[in-house]
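> Sequence and predicted structure, then a few things I'm wondering about:
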Amino acid sequence: MKYILALLPLYLSCAAPKIVEKPNPIIVEITPAAESDRDDSFLEEDTPLEKVVSVVTDSFTQILRQYNMQTLEGTIKCENSNQAFDYHYEPLPFCEADSTEKYIGKITFEYYSSQEINGKKMSTLTTLNDVAPFGSVDRAELFVGGTVRIPFYANYKAGWKAQQLHEALFRQVYQVLERHAQHHPTWKDFDIGAIVKDEKWQTYKLHHDLLQGLLAQEPLPWEKLRIFNPCEL
């Protein structure tokens with residue numbers, strides 16, 4: 001626990017990110033976009049989360065059918081904050097050990113970030129796991145690397161900060177899908193890699209708050225983890 005707390009000073013400042021680790025980083029200086037350049041049409045936060053989740057999962061299913069694939073994954077980069085996250089969709093039955101209940105489908109978000117202060121760099125990978133019914137985080141994972149003394153990995157109970165980031169990432173994916181649907185009749189030429197604006201650095205700030213919260217709490221012990229694996233046939 002003392003080692004984890006020692007990492008906190010690197011993230012006590014909410015300064016704009018300097019470096020992204022994945023992949024082939026492009027360093028972008030953060031400057032607020034001009035009001036005339038902003039497009040908020042797909043970022044309406046009054047759109048119910050249930051609708052956002054439904055559009056995302058339905059669209060993912062259509063994309064898989066279009067390309068005859070079993071799973072879908074892609075990367076979304078933030079144009080004005082050089083952060084990035086991967087999304088993974090697996091419409092398979094998932095089970096927990098010692099349980100007969102099946103959860104049809106799993107969505108995973110992996111958020112990449114790094115921060116450098118006083119010559120010390122810490123890179124992080126925050127993973128949010130969500131099995132059907134979608135919309136709520138089942139488990140949060142954190143990996144810390146970079147120039148830290150010892151790499152660190154732990155699992156945490158998904159609290160409201162994890163849920164806030166989870167919802168924000170869902171809405172970013174929703175934005176990409178809705179924009180494509182506006183201009184294309186099918187998913188045939190859908191680009192699984194996209195660039196979006198992180199309006200007012202909202203997603204970055206949500207991740208920053210979550211990261212501080214995770215580093216300040218005790219990881220979950222192994223026996224309390226909820227682990228979902230594809231069900232055995």
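Happy to help now that I have it.
> Does Gln164 touch Leu210 like I think?
Yes. In this structure Gln164 lies within contact range of Leu210 using C-beta atoms under 8 Å: 7.5 Å. C-beta coordinates here come from the backbone N, C-alpha and C atoms, glycine included.
> buried stuff in the helix or strand hosting Tyr112?
Tyr112 belongs to strand 102-117 when assigned by DSSP states H and E. Neighbour counts over strand 102-117 (16 or more other C-beta atoms under 10 Å) mark 103, 105-116 as buried.
> same question, stretch 132-140
132, 134-135, 137-140.
> Let me know the closest of those residues to Leu225.
Arg139 (6.8 Å; C-beta to C-beta).
> hmm, back to that, name every strand pairing with the strand holding Tyr112 and say which way it goes.
strand 84-95 (antiparallel), strand 120-131 (antiparallel) (DSSP bridges).
> next one: that strand to chain centre, how far?
Centroid separation for strand 102-117 versus its chain: 4 Å, with C-alpha atoms, centre = their mean, to the nearest Å.
> Also stretch 132-152?
With C-alpha atoms, centre = their mean, you get 10 Å for stretch 132-152.
> got the end-to-end distance for that stretch?
For stretch 132-152, the separation between the terminal residues is 29 Å (C-alpha to C-alpha, to the nearest Å).
> how many neighbours does Lys197 have?
Lys197 is flanked by 20 other residues according to other C-beta atoms under 10 Å.
> Verify the stated contact: it with Cys78.
Yes. With contacts counted by C-beta under 8 Å, Lys197 reaches Cys78, the gap being 7.1 Å.
> Serialize the buried residues of strand 102-117 to TSV and add fields for distance to Trp187 and pLDDT.
Shown next, in TSV, are the buried residues of strand 102-117 (distance: C-beta to C-beta, whole Å; pLDDT from 0 to 100):
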residue	distance to Trp187	pLDDT
Tyr103	25	94
Gly105	18	95
Lys106	21	96
Ile107	17	97
Thr108	21	97
Phe109	20	97
Glu110	23	97
Tyr111	25	96
Tyr112	26	92
Ser113	30	87
Ser114	33	79
Gln115	36	74
Glu116	39	73
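> what would those residues look like in a markdown table with distance to Thr186?
Shown next, in a markdown table, are the buried residues of strand 102-117 (distance: C-beta to C-beta, whole Å):
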| residue | distance to Thr186 |
| --- | --- |
| Tyr103 | 29 |
| Gly105 | 22 |
| Lys106 | 25 |
| Ile107 | 23 |
| Thr108 | 26 |
| Phe109 | 26 |
| Glu110 | 28 |
| Tyr111 | 30 |
| Tyr112 | 31 |
| Ser113 | 34 |
| Ser114 | 37 |
| Gln115 | 41 |
| Glu116 | 43 |
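> how many other residues sit next to Val131?
Val131 has 22 neighbouring residues, counting by other C-beta under 10 Å.
> so it bridges to which residues?
Under the criterion used (DSSP bridges), Val131 bridges to Lys106.
> Do you know the pLDDT at it?
Looking at Val131, its pLDDT stands at 94.
> same deal with Cys78?
85.
> my read: it touches Lys200, true?
No. Using C-beta under 8 Å, Cys78 makes no contact with Lys200, being 11.7 Å away.
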